[in-house]
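K.L.:
need a 3D model of the following:
(2 chains)
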Amino acid sequence: MVELLVVALFGGIGAVLRGLLGNFKGYLPWGILIANTMASSVAGWAMLTDQRLDLVLVAGLAGGLSTFSTFVGQTWQLMIEERRLAALLNVGLNLILPFTAIAIVTLCL
Amino acid sequence: MSTWKLTGLVFAGGALGSAARYFLSVDFHQSIWLWIVNLVGALLLGYVQVNRAFSSKTSQSFWATGFAGGFTTLSGLITFESFGGDNTFIYLAVQVAIGVVVYWVGRILGGERPWSNS
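P.N.:
Prediction:
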């Protein structure tokens, strides 16, 4: 029960951060890309340093900050607007940048 | 509805969504659970973004940005694959493609005509 509450608290904080970042849009929905990249860095860092941070940072903060649903929704929107290159870039960057961020975190530790 | 109240609703939705994800992902390190959570969340987001019952700013803040956003996770997928997962980049791209289709199905279930281009 305490575990659930911890995840809820930090997931809520992550969601608010994502909500603020989500306003940052241009050629691509940059805000969500930043949120997903930041969340993966935080989760990667937590998994490499201290397993006890899993609840707070991996399941909670990073889980709430990152999103799959909004990411696919925005990709759909780009496709429906026939902005094919932007849609492709959105998918590519949302997969490549988080992986790269984790790789950098791993190398730095 | 003030910005603070909407922010509070995003927090509440995100908290509930994250708790639900954690509760359902009994073993968080099983990619099948992440699959299901992310696809259910994508379906839900498509539904609430077009369904009239959810059109208010309060509903969008709680259900779309908060709950559906907090329930699903991309960092979960990426960290899973970075630390021990044996799936390829192509596997993830396929998962995203399926997510886009499921999101679209959510919109249709929510009441949007399939080719309305809106």
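
K.L.:
do stretch A:67-80 and chain B meet at all?
P.N.:
Yes. Counting by Cβ under 8 Å from any Cβ of the partner chain, contacts between stretch A:67-80 and chain B involve A:67, A:68, A:69, A:70, A:71, A:72, A:73, A:75, A:76, A:79, A:80. The C-beta positions use only the backbone N, C-alpha and C, and glycine is treated the same way.

K.L.:
which residues does the most centrally placed residue in chain A contact?
P.N.:
The residue lying closest to the centre of chain A (Cα atoms, centre = their mean) is residue A:36, at 1.8 Å. Taking Cβ atoms under 8 Å, 6 or more residues apart in numbering or on different chains as the criterion, residue A:36 is in contact with A:65, A:66, A:67, A:71, A:94, A:97, A:98, B:74, B:75, B:78.

K.L.:
the residue nearest the centre of chain B: which element?
P.N.:
With distances taken as Cα atoms, centre = their mean, residue B:41 lies nearest the centre of chain B, 3.0 Å away. Secondary structure assigned from DSSP states H and E places residue B:41 in helix B:31-50.

K.L.:
list the buried residues for that helix?
P.N.:
B:31, B:33-34, B:37-50 (16 or more other Cβ atoms under 10 Å in any protein chain shown).

K.L.:
same question, stretch A:55-66
P.N.:
Quick answer for stretch A:55-66 (16+ other Cβ under 10 Å): A:55, A:56, A:57, A:58, A:59, A:60, A:61, A:62, A:63, A:64, A:65, A:66.

K.L.:
so which of these sit within helices?
P.N.:
Under the assignment DSSP state H, the buried residues of stretch A:55-66 contribute A:63, A:64, A:65 to helices.

K.L.:
filter the residues you listed down to the ones close to chain B.
P.N.:
Answer for those near chain B (Cβ under 8 Å from any Cβ): A:63, A:64, A:65.

K.L.:
residue contacts, residue A:47?
P.N.:
By Cβ under 8 Å, 6+ apart, the neighbours of residue A:47 are A:54, A:58, B:79, B:83.

K.L.:
quick check: mean pLDDT of the helix or strand hosting it?
P.N.:
Element membership of residue A:47 [criterion: DSSP H and E] is helix A:30-49. Average pLDDT, helix A:30-49: 96.

K.L.:
with only the CA atoms kept, save it in PDB.
P.N.:
This file holds the C-alpha atoms of helix A:30-49, laid out as PDB (Å, rounded to 0.1, in the frame of the first residue of the first chain):
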ATOM      1  CA  TRP A  30       9.500  18.600 -28.800                       C
ATOM      2  CA  GLY A  31       8.100  18.700 -25.300                       C
ATOM      3  CA  ILE A  32       7.100  15.000 -25.200                       C
ATOM      4  CA  LEU A  33      10.400  14.000 -26.800                       C
ATOM      5  CA  ILE A  34      12.300  15.900 -24.000                       C
ATOM      6  CA  ALA A  35      10.000  14.300 -21.300                       C
ATOM      7  CA  ASN A  36      10.600  10.800 -22.700                       C
ATOM      8  CA  THR A  37      14.400  11.400 -23.000                       C
ATOM      9  CA  MET A  38      14.600  12.900 -19.500                       C
ATOM     10  CA  ALA A  39      12.500  10.100 -18.000                       C
ATOM     11  CA  SER A  40      14.700   7.400 -19.600                       C
ATOM     12  CA  SER A  41      17.900   9.100 -18.300                       C
ATOM     13  CA  VAL A  42      16.500   9.300 -14.800                       C
ATOM     14  CA  ALA A  43      15.300   5.700 -14.900                       C
ATOM     15  CA  GLY A  44      18.600   4.500 -16.300                       C
ATOM     16  CA  TRP A  45      20.500   6.400 -13.600                       C
ATOM     17  CA  ALA A  46      18.400   5.000 -10.900                       C
ATOM     18  CA  MET A  47      18.700   1.400 -12.100                       C
ATOM     19  CA  LEU A  48      22.500   1.700 -12.200                       C
ATOM     20  CA  THR A  49      23.000   3.400  -8.800                       C
END
